[in-house]
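Colleague: Quick check, what structure comes out for this input:
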Amino acid sequence: MGFFNFFSKEKKETLNQGLEKTKTSFFDKLSKAIAGKSKVDDDVLDNLEEVLVTSDVGVDTTLNIIKRVQDRVARDKYVTTSELNNILRDEIASLLNDNNSSDTEGFTIPETARPYVIMVVGVNGVGKTTTIGKLAYQFKQAGLKVYLGAADTFRAAAVEQLVIWSERVGVPIVKQQMGSDPASVAYDTLSSAIANNADVVLIDTAGRLHNKKGLMDELSKIRRVMQKLLPDAPHDVMLVLDGSTGQNAYEQAKQFSAATEVTSLAITKLDGSAKGGVVIGISDQFKIPVRYIGLGEKMEDLQPFNRREFVNTLFDKN
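Modeller: Predicted coordinates for the structure are as follows:
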C-alpha cells in the first residue's frame, strides 16, 4: 500500500538542504581533483579515488566505482572531465540498483502482516529513540494505528524519551520498571497491540555493544518471546546508524549484522556533516536496504530513502 507514490517538491527541498554540506565538500574536492585536466586519465582516477574515500564512501565501494568509471572511459575512448559528474551519477545509481537497494515508497507496511513488528536496534546516541518517534508520527499520519514498546529497560533516559515521544505523537506505549526483562516488555507490547488491532509495533531495544554474545542472546530472546504470540515477528529488524560518524557507522553495521539478522537500515543526522557518502558505501557493502534517512530535527525530516532522488540531489550542482 502506498501513500506517497511520488517524490514531492517539499521532500526534494528537504533532501537538498540535508545534503548541502556533503555536496559542497564533495564538489570542492572534485574540482581540485580535476584542476588543469581536460580528460579523465589515470591521474584523475587516482585523485577521484581519494575524493570518494575521504567522502566516506568506503574503500571497497570506492574501488568498485572507480572500476565502473574506468570501464566507461575504455568503452567511450575519450571522456572529458566535464562529463565526470554525470558519469559518477550514472554509475553510482547503477551500483545501488545492482545491489537491490529498492526505493521505499512512503511510510507503508505490507498488507499481509498485522500488526507489523519492527524491532529497532543500534548503539546509544545514534538517534534510535528519536527515529522511533518520527516513524510513529509518520505511520500515524499515514492512517496506521501504532504501538510503542520501551524494551530498553537499562537506561531510564531511554524510557523517558520514548514516553515523551508517545505523548507528542499521540500513540500508546507499553513500559515496565527499570531493569525489567526486555523480552517481557516486548511480549506485553505485542499482546496489547494484537488485542487492540494495531497496525504497527515499534520495539526499542538496548544500545549496548560491548558484549556481542550478550546482545545476541538478548535480541534472540526478544524474538522468541514475541513469536509465541506472532510466529513471524519481528517482520523487520531495523538498524539505526548515525551518518555523521562516517567510518564508525560501517563498524556498527558490521557488529550488529554479526549479532542479529538486520533487515533494514535507517541512517540519521545526514544534515549535520559532510559524510553523506556513507549511505552509498553502507548500501553497497552490506547489501541491506536503506529504508529511511534523517535530514533534520523536525518529525517530517525523516524521509523514505529513494536512491534515484538521493543520487540526483547529491550530484546536482545547483
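
Colleague: Show me where this protein has its helices.
Modeller: Residue ranges of the helices in the chain, as given by DSSP state H, are 9-18, 20-33, 42-54, 59-76, 84-98, 128-141, 156-169, 182-195, 212-227, 247-259, 278-286, 307-314.

Colleague: got the ones you listed as CSV, with mean pLDDT and distance to Gly122 columns?
Modeller: In this view, the C-beta of every residue, glycine as well, is placed from N, C-alpha and C. Formatted as CSV, the helices of the chain follow (pLDDT from 0 to 100; distance: least, CB to CB, whole Å):
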stretch, mean pLDDT, distance to Gly122
helix 9-18, 87, 19
helix 20-33, 90, 21
helix 42-54, 93, 25
helix 59-76, 92, 21
helix 84-98, 86, 22
helix 128-141, 96, 4
helix 156-169, 94, 11
helix 182-195, 97, 15
helix 212-227, 88, 11
helix 247-259, 88, 7
helix 278-286, 91, 13
helix 307-314, 89, 21
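
Colleague: Please identify which of these is closest to Lys175.
Modeller: helix 156-169 (5.5 Å; CB to CB).

Colleague: got a markdown table for the helices of the chain, with distance to Pro110 too?
Modeller: Shown next, in a markdown table, are the helices of the chain (distance: least, CB to CB, whole Å):
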| stretch | distance to Pro110 |
| --- | --- |
| helix 9-18 | 23 |
| helix 20-33 | 32 |
| helix 42-54 | 36 |
| helix 59-76 | 30 |
| helix 84-98 | 22 |
| helix 128-141 | 13 |
| helix 156-169 | 22 |
| helix 182-195 | 16 |
| helix 212-227 | 17 |
| helix 247-259 | 23 |
| helix 278-286 | 22 |
| helix 307-314 | 20 |
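
Colleague: Leu239: which of those is closest?
Modeller: helix 247-259 (5.1 Å).

Colleague: re earlier: of the helices of the chain, which approaches Leu270 most closely?
Modeller: Closest approach to Leu270 among those is made by helix 9-18 (5.5 Å; CB to CB).
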